[in-house]
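[1] Here is a sequence together with a model predicted from it:
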Amino acid sequence: MKKPVLVVTIADKNNLVYAKMMINSLRKFHDWPVVLVTDEKDPKQLPKDVILEDLELYKADLMFFYRSTPIICEKYLKEYELVIKLDADQIITGDLSYVLKTTDYDVATVINWNRVDPAQYGLVQGWGILPIEYFNCGFVAMRSEKFVHHWGVICKSPQFDRMQYKEQDLLNILCYYGNYNIRCLDHGDGLAKYTAWHGLIAKGEWLKAKMVGNDIVIPKAADNFPKIDTLLKVIHWAGGNSGAKMNYRTAFSEEVIKRLDYLVSDSK
């Protein structure tokens, strides 16, 4: 019988500080096992209570970082019902139990688009998939061994080299044109009365965020983005290694900063 859930993240020495923040924040809500793929060898630098994989084992593949999700996660799906891949440059800001309890999907995804990134990076789209429909690979919840195997195979195909965003482009192609059950977590679930954002879609709205109890909420906006008060479950930076990465003090109100200070801390 398979175990219920595993989280996977990847961080080399230069990005380990972000992974620590992400894992600390995840631990405030869940005691799920975490696999950390890293080249850091110093135990003092590593987060506690993680399963370590040696990044050096994969570095012979020069494109590993661009197809790492299916490579790493496929083997763990043989042991776990659900494998969640989280980019290291994220802060978990809310309970993710919905992702575990909801089982009607092969893969659950999040939206890539937001209202600020296109000015710097342009619109990400292709193959008839609009920017607002295009999925980001920073948060991928996987239940189907078949899907992840398929994803891994095409990530080693000649077409992979022609893709601008590599595994992320191929994730979108499989989600929209493959014969799989896909759930977009950012679209909400009316039956479950679940409305939340899980990453980049909220990026342009961070300054509006407010505390409602212990929840971080993006309030209903006059321009209907969002249409209703929406829980912020994950903050995702993305966008390379800019000096602003994970510096939430420049992006949120004081009350939210106080909450984030606690979430990324080592305290329990």
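    Cool, the structure landed.
[2] helices or strands up against the helix or strand of the chain with the lowest mean pLDDT?
    Lowest on mean pLDDT, DSSP states H and E among the helices and strands of the chain sits helix 117-121, with a mean of 91. The contact analysis (3 or more CB pairs under 8 Å, 6 or more residues apart in numbering; DSSP states H and E) places helix 117-121 against no helix or strand. Every C-beta, even on glycine, is put in place using the N, C-alpha and C of the backbone.
[3] After it, heading C-terminal, what element do we hit next?
    Following helix 117-121 in sequence order, the next helix or strand is strand 135-142 (DSSP states H and E).
[4] partner strands of that next one, parallel or antiparallel?
    Strand partners for strand 135-142, identified by DSSP bridges, are recorded as strand 80-86 (antiparallel), strand 107-111 (antiparallel).
[5] quick one: buried residues of the least confident helix or strand of the chain?
    Within helix 117-121, the residues that count as buried by 16 or more other CB atoms under 10 Å are Asp117.
[6] And for the residue most central in space within the chain, nearest residue in space, chain neighbours not counted?
    Nearest to the geometric centre of the chain sits Phe139, at 2.2 Å (CA atoms, centre = their mean). Counting by CB to CB, 6 or more residues apart in numbering, Val110 is the residue found nearest to Phe139 once chain neighbours are left out, at 4.7 Å.
[7] The one you found is in contact with Ala196, isn't it?
    No. Contact criterion CB atoms under 8 Å: Val110 and Ala196 do not qualify, at 10.2 Å.
[8] what do the two both touch?
    185-186 (CB atoms under 8 Å, 6 or more residues apart in numbering).
[9] that older thread, contacts only, for the residue nearest to Phe139.
    135-136, 138-139, 184-186, 198-201, 234.
[10] Make a markdown table out of those and add distance to Thr250 and pLDDT.
    Shown next, in a markdown table, are the contacts of Val110 (distance: CB to CB, whole Å; pLDDT from 0 to 100):
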| residue | distance to Thr250 | pLDDT |
| --- | --- | --- |
| Phe135 | 27 | 98 |
| Asn136 | 22 | 98 |
| Gly138 | 20 | 97 |
| Phe139 | 23 | 98 |
| Cys184 | 29 | 98 |
| Leu185 | 26 | 98 |
| Asp186 | 24 | 98 |
| His198 | 22 | 98 |
| Gly199 | 19 | 95 |
| Leu200 | 17 | 97 |
| Ile201 | 20 | 98 |
| Val234 | 18 | 98 |
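[11] neighbours around the residue nearest to Leu123 when sequence neighbours are not counted, how many?
    Nearest non-adjacent residue to Leu123, counting by CB to CB, 6+ apart: Pro131, 4.5 Å away. Using other CB atoms under 10 Å, Pro131 has 16 other residues around it.
[12] quick one: contacts for Pro131?
    Shown in contact with Pro131 (CB under 8 Å, 6+ apart): 112-113, 118, 123-125.
[13] do Thr109 as well
    Contacts of Thr109 (CB under 8 Å, 6+ apart): 135-136, 139-141, 171, 175, 182-185.
[14] and what of Met211?
    Contact partners of Met211, counting by CB under 8 Å, 6+ apart, are 217, 255-256, 259.
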